[in-house]
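Colleague: Quick one, what's the 3D model for this:
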Amino acid sequence: MSSVQDTVFDIIAKESGIDRSKITPDATLKDLEIQSLDAVQIIFEIEDHFKITMPDRDPNFDTESVKGLVDAVEKLVAAQAAPPAQS
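Modeller: A predicted model of the protein is given here:
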């Protein structure tokens with residue numbers, strides 16, 4: 001399990017009040033019965049923690065599932081760490 005995944009699981013558990021053991025990569029926020037307001041707060045906390053901006057309604061990013069959130073964060077963190085492309 002990656003440290004990004006651990007952190008995302010922790011944030012979801014803290015913000016939603018769900019037992020962390022119930023959170024799995026295969027779960028969706030809907031499966032976890034997370035209300036839309038809580039989902040928005042989870043996204044804000046993830047953005048704040050990792051200093052990233054999650055894309056809004058981008059088909060390349062799945063922010064409905066836990067695995068999708070983790071993958072999106074890992075992509076954005078990696079892109080942020082990469083040196084800017086030379087033109």
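Colleague: thought residue 13 was touching residue 23?
Modeller: Yes: the pair residue 13 / residue 23 is scored as a contact, 6.2 Å apart, by C-beta atoms under 8 Å. All C-beta atoms are positioned from the backbone trio N, CA, C, and that covers glycine.
Colleague: Could you tell me the end-to-end distance of stretch 53-69?
Modeller: One end of stretch 53-69 sits 12 Å from the other (C-alpha to C-alpha, to the nearest Å).
Colleague: ditto for stretch 31-38
Modeller: Terminal residues of stretch 31-38 are spaced 14 Å apart (C-alpha to C-alpha).
Colleague: Mind listing residues that contact that stretch?
Modeller: Outside stretch 31-38, the residues within contact range by C-beta atoms under 8 Å, 6 or more residues apart in numbering are 12, 15-16, 18, 22-23, 42, 66.
Colleague: tell me the mean pLDDT for that stretch?
Modeller: The average pLDDT within stretch 31-38 is 92.
Colleague: what do you get for stretch 5-19?
Modeller: The pLDDT scores in stretch 5-19 average 96.
Colleague: residues in contact with that stretch?
Modeller: Under the criterion C-beta under 8 Å, 6+ apart, residues 20, 23, 25, 32, 34, 38, 41-42, 45-46, 49-50, 66, 69-70, 73 lie in contact with stretch 5-19.
Colleague: All good on my end, thank you.
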